[in-house]
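1. Predicted structure and sequence below. I'll ask about it afterward.
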Amino acid sequence: MEDWWRDAVVYEVYVRSFADSDGDGTGDLAGLRARLGHLVELGVDAVWTTPWYRSPMVDGGYDVEDHRSVDPLFGTDADALALVTEAHRLGLRVVIDVVPNHTSDRHRWFRAALAAGPGSPERARYHFRPGRGDRPPNDWRGVFGGPAWTQVPDGEWYLHLFAPEQPDLNWTQPEVRAEFEDLLRFWFARGVDGVRIDVAHGLLKDPAFPDLGADDEEIVRPPDRSRHPHWDRDGVHEIYRSWRRVAAEFGPDRVFVAEAWVGRPDRLARYVRPDELHTAFNFDFLRCAWDAGALRAVIDRTIEALHAVGAPATWVLSNHDVVRHVTRFGGGSLGTRRARAAVLLMLALPGGAYLYQGEELGLAEVEDLPEEVLADPTWERSGHTRRGRDGCRVPLPWSGTEPPFGFTADGTPTWLPQPAGWGAQTASAQAADPGSMLTLYRAALAARREHPALGDGTMTWSPAPEGVLSFTREPGFGCVVNLAGEPAELPGGTRVVLASGPLADGRVPPDTAVWLARE
């Protein structure tokens, strides 16, 4: 089906933390391949994998040394091809990560740039500039903390919007553009179905490199002005039009999804115009507070902006860069109750959705990791003031009553330690519990597949009390989410298909969602 992406539910795998096959405590491709059955039983359409390429792992694999080879930490090139083959056999599509904004400082291009010196064609592939005396070329800050510039021995400075080990590529250079188009062809020819584009909004920089006048550049904070010198610049769209043409060489079913942190839905819509990318993550929805008015406004703005260019919305609650939503929604029983309601809301909306590994188990952020194990570069770059993203990347619990919970077969400790209390949240324990988060996800995804109203399409808001979201989708589907402090009445002439929690005398309790069918 060539338009499968319009309503697909895609499961994100942070490869290092999904499943270990060789007993070293780190997830790998063979471990993922062995656990694909979990995704089939869950009911998703595709799997998106974080980078598996050769890398020094300064930023969890997003510092790529060679986009065309698998890092030994994750297996072999043959393992990658076997994963794609097995996923297809099981009816799953495969989306891989491509990192075009920067490379590793060990990439052959950057090593050549350092060796060649100022003014060389090798340096032109990156952003090398003279400083202002003994200071960097401008005041830009790195996403992980500290200046966005590092000086090399000959006096020039190079730009890195992330860690110093991740120098930014210069996308005004034809050689850079040609390299990534060839890279796309390389992986499409090996059977991958789609590409998630890391930092899709960051490829081009203002050639004047003006001062920004800001002291913080978090990736999850979109630009608050229309002409930012390095985020969401208009010229990126020419790049993605060329990428769309590359994908078309392999058929209409090869797709892109953009990680584009932008300030407004209309700016996001520019990335998914008919001749550009297919989908883009909806980070406004992810960031939204648990508030009925705010959620309705985000949903309306998103659908209006994306439908204007003929693109579907792509909803998401968590990923490998943000605090898990159970914790964001309040943690404990409150956060879990809201997370159960939130997934029914998300899966009932028009368009597609992305799930992050472990959310189907109701995992919360691990907030007490020992400082000595923190691996996210944010920890060091911020001077130990921000713990970074490790808390959402702790390896998954599969079975058993104590760590490593079946993550690795021989009991080797996991690369990030798992909480001792995760025994009740393993996939094995939850599969046998009719009231578990895993059971809810499986039921919701099964109902979503079966009901003709769900997936891509339209929705209509229904009258509802303040603090309650209620909408219908034809034919015959309804969703009610109670974010108020009192129970809400169900619409008449309906029957309950699925509820995120027990109903109270036929009414919807606070922090509960219900799917309905018209009788």
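-> Sure, I can see it.
2. C-alpha only now, for contacts and for neighbours.
-> Fine.
3. Tell me how many other residues surround the nearest residue to Thr494 once chain neighbours are set aside.
-> Residue nearest to Thr494 in three dimensions, not counting chain neighbours: Arg518, with 4.4 Å by C-alpha to C-alpha, 6 or more residues apart in numbering. Neighbour count for Arg518, taken as other C-alpha atoms under 10 Å: 16.
4. same check, this time on Val152
-> When neighbours are defined as other C-alpha under 10 Å, Val152 has 12 of them.
5. ok, back up a step: I figured the residue nearest to Thr494 hits Gly476, correct?
-> Yes. Look at Arg518 against Gly476 with C-alpha atoms under 8 Å: they come within range, at 5.0 Å.
6. Can you say which helix or strand has Ala429 in it?
-> helix 427-431 (DSSP states H and E).
7. Name the next helix or strand downstream of that helix, please.
-> helix 437-450.
8. got the buried residues for that next one?
-> Going by neighbour count (16 or more other C-alpha atoms under 10 Å), the buried part of helix 437-450 is 437-445, 447-449.
9. just those residues now: which is nearest Ala313?
-> Arg448 (16.0 Å; C-alpha to C-alpha).
10. Isn't that closest one up against Gly455?
-> Yes. With contact defined as C-alpha under 8 Å, Arg448 counts as touching Gly455 (7.1 Å).
11. shared neighbours, these two?
-> Jointly contacting Arg448 and Gly455 under the rule C-alpha atoms under 8 Å, 6 or more residues apart in numbering are 347-348.
12. quick one: contacts for Thr385?
-> Thr385 sits in contact with Trp379, where contact means C-alpha under 8 Å, 6+ apart.
13. on that earlier part again, ok, of the buried residues of helix 437-450, which one's closest to Met1?
-> Checking these against Met1 with C-alpha to C-alpha, the nearest one is Arg449 at 14.7 Å.
14. The closest one: what's it in contact with?
-> Residues Gly455 are the ones in contact with Arg449 under the rule C-alpha under 8 Å, 6+ apart.
15. Check Thr336 too.
-> By C-alpha under 8 Å, 6+ apart, the contact list for Thr336 reads 326, 329, 362.
16. at 10 Å instead, please
-> Applying C-alpha atoms under 10 Å, 6 or more residues apart in numbering, one finds that Thr336 lies in contact with 325-327, 329-330, 342, 362-364, 437, 511.
17. List only buried entries from those residues.
-> Buried members of those, scored by 16+ other C-alpha under 10 Å, are 325-327, 329, 342, 362-364, 437, 511.
18. As a markdown table, those residues with distance to Pro397, secondary structure and pLDDT would be great.
-> As requested, those are exported to a markdown table (distance: C-alpha to C-alpha, whole Å; DSSP: H, G, I helix; E, B strand; the rest coil; pLDDT from 0 to 100):
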| residue | distance to Pro397 | secondary structure | pLDDT |
| --- | --- | --- | --- |
| His325 | 18 | helix | 98 |
| Val326 | 16 | helix | 98 |
| Thr327 | 18 | helix | 98 |
| Phe329 | 22 | coil | 98 |
| Ala342 | 22 | helix | 98 |
| Gly362 | 11 | coil | 98 |
| Leu363 | 9 | coil | 98 |
| Ala364 | 12 | coil | 98 |
| Met437 | 14 | helix | 98 |
| Asp511 | 27 | coil | 98 |
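19. For Asp79, state which of the residues you listed is nearest.
-> Leu363 (28.4 Å).
20. For burial, what's the neighbour tally of His237?
-> His237, neighbours per other C-alpha under 10 Å, totals 20.
21. Gly251 too?
-> 12.
22. Let's see the pLDDT reported for it.
-> Note on Gly251: pLDDT of 95.
23. Return the distance of it relative to Asp193.
-> 10 Å (C-alpha to C-alpha, to the nearest Å).
24. can you check Arg448 too?
-> 22 Å.
25. try Ala269
-> The gap separating Ala269 from Asp193 is 22 Å, by C-alpha to C-alpha.
26. and what of Phe281?
-> Using C-alpha to C-alpha, Phe281 is found at 17 Å from Asp193.
27. Pick out whichever of these two has more residues nearby.
-> Taking other C-alpha under 10 Å, Phe281 and Asp193 do not tie; Asp193 has more neighbours (26 against 21).
28. right, and Met1 touches Pro252 too?
-> Yes. Met1 sits in contact with Pro252 when judged by C-alpha atoms under 10 Å, with a separation of 9.0 Å.
29. out of the two, which sits in the busier spot?
-> Pro252 (12 against 6).
30. Stretch 3-20 - what's its average pLDDT?
-> Stretch 3-20 comes out at a mean pLDDT of 98.
31. contacting residues for the residue nearest to Thr494?
-> Per C-alpha under 10 Å, 6+ apart, neighbours of Arg518: 472, 474-478, 491-497.
32. neighbour-wise, which of the residues you listed leads?
-> Gly478 (26 neighbours).
33. Local confidence estimate at that residue?
-> Looking at Gly478, its pLDDT is 97.
34. Give the buried residues for stretch 189-196.
-> Buried positions in stretch 189-196, judged by neighbour count with 16+ other C-alpha under 10 Å: 191-196.
35. Poorly predicted segments of this protein, please.
-> By pLDDT under 70, the weakly predicted segments of the chain are 214-226.
36. if we go to 50?
-> Along the chain, segments meeting pLDDT under 50 span 216-222, 224-225.
37. For the residue nearest to Ser17 when sequence neighbours are not counted, grab the count of nearby residues.
-> With C-alpha to C-alpha, 6+ apart as the criterion, Ser17 has its nearest non-adjacent residue at 4.0 Å, and that residue is Pro395. Residues within reach of Pro395, counting by other C-alpha under 10 Å, total 28.
38. I figured Pro395 was touching Thr426, is that so?
-> No. With contact taken as C-alpha under 10 Å, Pro395 and Thr426 are classed as non-touching, separated by 11.3 Å.
39. Identify the contacts common to those two.
-> 358, 405.
40. contacting residues around the residue minimising distance to the centre of the chain?
-> Centroid-nearest residue in the chain: Asn319, 4.4 Å away (criterion: C-alpha atoms, centre = their mean). Neighbour list for Asn319: 11-14, 286, 325, 354-359, 389, 392-393 [criterion: C-alpha under 10 Å, 6+ apart].
41. How much space separates it from Glu367?
-> 16 Å.
42. What distance do you get for the residue located most distally from the centre of the chain to Ala148?
-> What lies farthest from the middle of the chain is Gly133; by C-alpha atoms, centre = their mean that is 40.0 Å. To Ala148, Gly133 is 16 Å away according to C-alpha to C-alpha.
43. Also Ala308?
-> Using C-alpha to C-alpha, Ala308 is found at 37 Å from Ala148.
44. the more surrounded of those two?
-> Ala148 (25 against 13).
45. Report the contact partners of that one.
-> Per C-alpha under 10 Å, 6+ apart, neighbours of Ala148: 136-142, 157-164, 167-168, 217.
46. doesn't Thr414 make contact with Thr408?
-> Yes. With contact defined as C-alpha under 10 Å, Thr408 and Thr414 form a contacting pair (7.7 Å).
47. Give me the common contacts of the two.
-> Residues touching both Thr408 and Thr414 (C-alpha under 10 Å, 6+ apart): 19-20, 23-27, 395.
48. Where neighbours are concerned, which of those has the most?
-> Counting by other C-alpha under 10 Å, top hit in these: Ala19 with 30 neighbours.
49. Mind checking what secondary structure that one has?
-> Classification of Ala19 using DSSP: H, G, I helix; E, B strand; the rest coil returns coil.
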